Each structure stands twice: as C-alpha cells, then as structure tokens.
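>>> whatever this is, show me its structure:
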Amino acid sequence: MPSRFRVAYGGLVAAMVVVVSLDQLSKWWAADNLDACGAARRSTFDLCLAFNQGMAFSAGWGRGPLIAALAVAIVAVLLWSARTAPPVGRLLMGVVAGGAVGNLLDRAFREPLVGITPGFMKGAVVDFLYTSFWPTFNVADSAVVVGGILLAIVLWRTPEFDEGHGSREPDGTAEPTDPETSAS
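Numbering: from 1, shown residues only. This next block holds a predicted model:
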C-alpha cells in the first residue's frame, strides 16, 4: 500500500520535476542557439534570447534576493496547502511550484546582466518566447501563470469540507462523519 506522503505529494513532486526539467533544458537550448531579441520588428510569435533581472513585466528589476524570497515563500505555501487540496489541485500546485523553482535556479546560478552587481540570487532569468503583444517569457513563467489560473479555477470549483461534511485527509479522501452528530 502506498504511503500517505507518496499519495498526497507524488503527483505534485512529479509535476515540479517535469516543469523544472523542461524549463532548464529549454533555457539551456535557447542560450546556446538563439540570437538576442533586439529592437528588430518580429512576427507575432518568435524565438529570441532575452534576459530579465526582474519578474513579470520586469517588475522588481535588480531585486533578485527579494524575488527569490517571494518564490521560496510561494513554494512553501503551495507545499503546505497541498495537504488538503484535491488531486488535480496538487498537480497544478506542482506546476506552479516548478515554474517558481525554474526561475529561482536562474537567479541562483546564472550571471547577472551588465550593470548589476554580482551577488546572492542576482542572476538573470533567461526568456526566449517572444510575442508582439506580451513581454518575452519562458517555460517557467508559463507554468506559473497558466498553472496558477487553472489552480484558482479548480480550487474555486472544489466544494469546501467543513465539520458537517468531513475534513480532507492528505490523500485527498474525506473523513467519514457521524450522521447523528452532523444532522442539524
């Protein structure tokens, strides 16, 4: 019989590993094979290399340690919240956490851009998916945004488990309630 931990967190960890792997492999490929985005007019969608010292929309430019702390906090909250999330929610939490970890690895191990003092968590994040209508992004960014939206929908549509309906166990099952004590 599988352990409660494996049932509760197996899908989340697997989703994280897949997202981090796809993200890091795609960034490695992009850094070795793509030209810089530059100012040239491009088609609606293109692949070109860009680096970002901030987060979404370049917010927090040069504040790598603060952004890294926020990413770690988000991953911690997702892992803690996964205990009571439905199975699909746990998978999506793994997708979002994997995206956060993917960009966190860039901050930890890549060089900062020129003009940014090297230091703890100040590496530049590799972006390479260009659109004419959205800032250049990467697999990790996609995982955070799409996974986060889908997670919000799943959690919004999941019925609450309160005292009258049982409480959720880490394996996603609900504890049975005593019909005599739960009748109002």
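>>> from Ser132, how far off is Trp156?
32 Å (C-beta to C-beta, to the nearest Å). Where you see a C-beta, it was placed from the backbone N, CA and C, and this is true even at glycine.
>>> show me which of those two is the more surrounded one.
It is Ser132, of Trp156 and Ser132, that has more neighbours when counted by other C-beta atoms under 10 Å, with 10 against 7.
>>> contacts only, for that one.
Contacts for Ser132 (C-beta atoms under 8 Å, 6 or more residues apart in numbering) come out as 42-45.
>>> mind running it again at 6 Å?
Thr44 (C-beta atoms under 6 Å, 6 or more residues apart in numbering).
>>> which stretches in this protein count as strands?
Using DSSP state E, the strands of the chain run over 45-52, 125-131, 134-137.
>>> most packed of those strands?
Compared across these, strand 125-131 shows the largest average neighbour count, a mean of 21 (mean count of other C-beta atoms under 10 Å).
>>> and it with strand 45-52, angle?
Strand 125-131 and strand 45-52 are oriented at 150 degrees to each other (axes from the mean of the first three to the mean of the last three C-alpha atoms, to 10 degrees).
>>> and strand 125-131, C-alpha only, in PDB?
Output of strand 125-131 as PDB, limited to C-alpha atoms (Å, rounded to 0.1, in the frame of the first residue of the first chain):
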ATOM      1  CA  VAL A 125      16.400  34.800 -15.900                       C
ATOM      2  CA  VAL A 126      16.500  33.500 -19.500                       C
ATOM      3  CA  ASP A 127      13.500  34.400 -21.500                       C
ATOM      4  CA  PHE A 128      13.000  33.300 -25.200                       C
ATOM      5  CA  LEU A 129       9.300  33.000 -26.100                       C
ATOM      6  CA  TYR A 130       8.600  36.300 -27.900                       C
ATOM      7  CA  THR A 131       5.100  37.600 -28.800                       C
END
